[in-house]
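# Build the 3D model from these lines:
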Amino acid sequence: MVGQKRQSKSMSRQPDQPTICQLLHSLTIGGAEVLAAQLARQLADRYRFVFLCLDEVGRVGEQLRAAGFEVVCLGRRPGIDLRCMVRLARCWRRYEVKLVHAHQYTPFFYAACARAWRGRPPILFTEHGRWYPDYPRRRRIVFNRLVLRGRDRVSAVGQAVREALVRNEGLPRHRIRVIYNGVDLERFAPRPECRLPVRQRLGLRETDFVIVQVARLDYLKDHMTAIRTMARLVRQVPAAKLLLVGDGPKRALIRAEVQAQNLDGSVCLLGEREDVPELLWAADVALLTSLSEGIPVTLIEAMAAQLPVVATRVGGVPEVVQEGQTGLLASAGDDAALADCLLRLANQPELRRQFGQAGRQRAEALFCQRLMHQQYADCFEEMLG
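Now for the predicted structure:
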């Protein structure tokens, strides 16, 4: 088990600060991971946060360590790892944890089981998205009903995720509150003066039709459909360029497909980036081709940057993107329909402008980071009280 021994002065514990454990699979770059990190930074004056990772620390975890937070990897083994549950309970005791915030189902499962060794603390289970395919599992439904206690709470990042928890996990609807993901709207506010300099830095022309997809390179994001979509689009829009931002286990497979489709000059894999706002300012459209989603933060960021969206109609995407008002939607895996959506926007710059402005307004109304943080803080206070 690897932990961070040193703490910065700014993260040192105050006597009246209760300790909250953020429990995740890992702290690689992803929506749940970034949310947990931002929440801890924002509420560090009210709570002491420690981060426990079942599998690996990751890039976000290293950044948190550098900022002075405790980050521990529990080293979970394949299968159901009982020793990991014991280590988890010991960490709770070591850090005097008063509340566990479990992100996604597996961390919730391990937290609930670890209470066999330590009867407390209460658990806030936040579901960020659903696996694909998603269906009811009788054993899990029985388990969930047995382990969920009166002081525990469940939150979902959107209505579609909430309904999936009711339908496929057997959780009572009245126990689940919806807390929408939020972003730093000011950070992503459009800056037209940056468009051309960023394009020049990336080797793009002012006349290129630039599409950006920000997503981890795994099968749930279905980048293969994005590549097939581009193969169709470039036949009619030769200046179309797709920027793929992110990294993950499917990178080599995606790179091979780009080459097989002869799209080396049209698709660029940029890897993980710290300058996502600038990439959005340089783009014309945001794309997301996922098979399953909760409330995708990357689409909220794109809307905050005043970009129109083309995405698949899955999970909570329709809660974010108003079809025909802030973007266009198509069925998952339908590269022909996605290409048609992109072609329509390529040919109608005024429609892109209208969708972008409406998207920014929607982000401001529903997906403000400050509101999200306050809702989680209210939930913490309710559980600790």
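# C-alpha from now on. contacts and neighbour counts both.
Fine.
# now what about the strand or helix carrying R145, what contacts it?
Assigned by DSSP states H and E, R145 falls within helix 138-147. For helix 138-147, the surrounding residues in contact (Cα atoms under 8 Å, 6 or more residues apart in numbering) are A112, N168, E169, G170, L171.
# quick one: secondary structure of the second one?
Looking back up the chat, that one is N168. helix (DSSP: H, G, I helix; E, B strand; the rest coil).
# I believe L99 is in a helix; please confirm or correct that.
No: applying three-state DSSP, one finds L99 to be strand, outside a helix.
# avg pLDDT for the helix holding R145?
In this model, helix 138-147 carries a mean pLDDT of 96.
# Which positions within that helix qualify as buried?
Neighbour-count burial for helix 138-147 flags I141, N144 (criterion: 16 or more other Cα atoms under 10 Å).
# For P136, which non-adjacent residue is spatially closest?
Distances taken as Cα to Cα, 6 or more residues apart in numbering place N168 nearest to P136, at 3.9 Å, with adjacent residues excluded.
# OK, contacts around D134?
Neighbouring residues of D134 by Cα under 8 Å, 6+ apart: N168.
# and it, that's in a strand?
No: residue state for D134 (three-state DSSP) corresponds to coil; a strand is not indicated.
# follow-up on the earlier one: how far does the helix holding R145 sit from the chain's center?
With Cα atoms, centre = their mean, to the nearest Å as the basis, helix 138-147 stands 26 Å off its chain's centre.
# And N168, how far from A311?
Between N168 and A311 the distance is 25 Å, computed by Cα to Cα, to the nearest Å.
# Residue ranges in the chain under the pLDDT threshold?
Along the chain, the parts satisfying pLDDT under 70 run over 1-15.
# quick one, domains of it?
Domain ranges of the chain: 9-182+369-384, 192-366, per automatic domain parsing.
# Which of these has the highest mean neighbour count?
domain 192-366 (a mean of 20; mean count of other Cα atoms under 10 Å).
# For it, measure first residue to last.
End-to-end distance for domain 192-366: 24 Å, by Cα to Cα.
# Ok, stretch 175-184 next?
28 Å.
# again with stretch 303-314
End-to-end distance of stretch 303-314 (Cα to Cα): 18 Å.
# what separates it from the chain centre, distance-wise?
Per Cα atoms, centre = their mean, the centroid offset for stretch 303-314 relative to its chain is 15 Å.
# those helices in the stretch 101-250 of the chain, which residues are they?
Here the stretch 101-250 of the chain has its helices, by DSSP state H, counting those that start in this stretch, at 105-114, 138-147, 159-169, 195-202, 223-236.
# show me the residues around L24 that make contact.
E33, F51, L52, C53, L54, A102, H103, Q104, P107.
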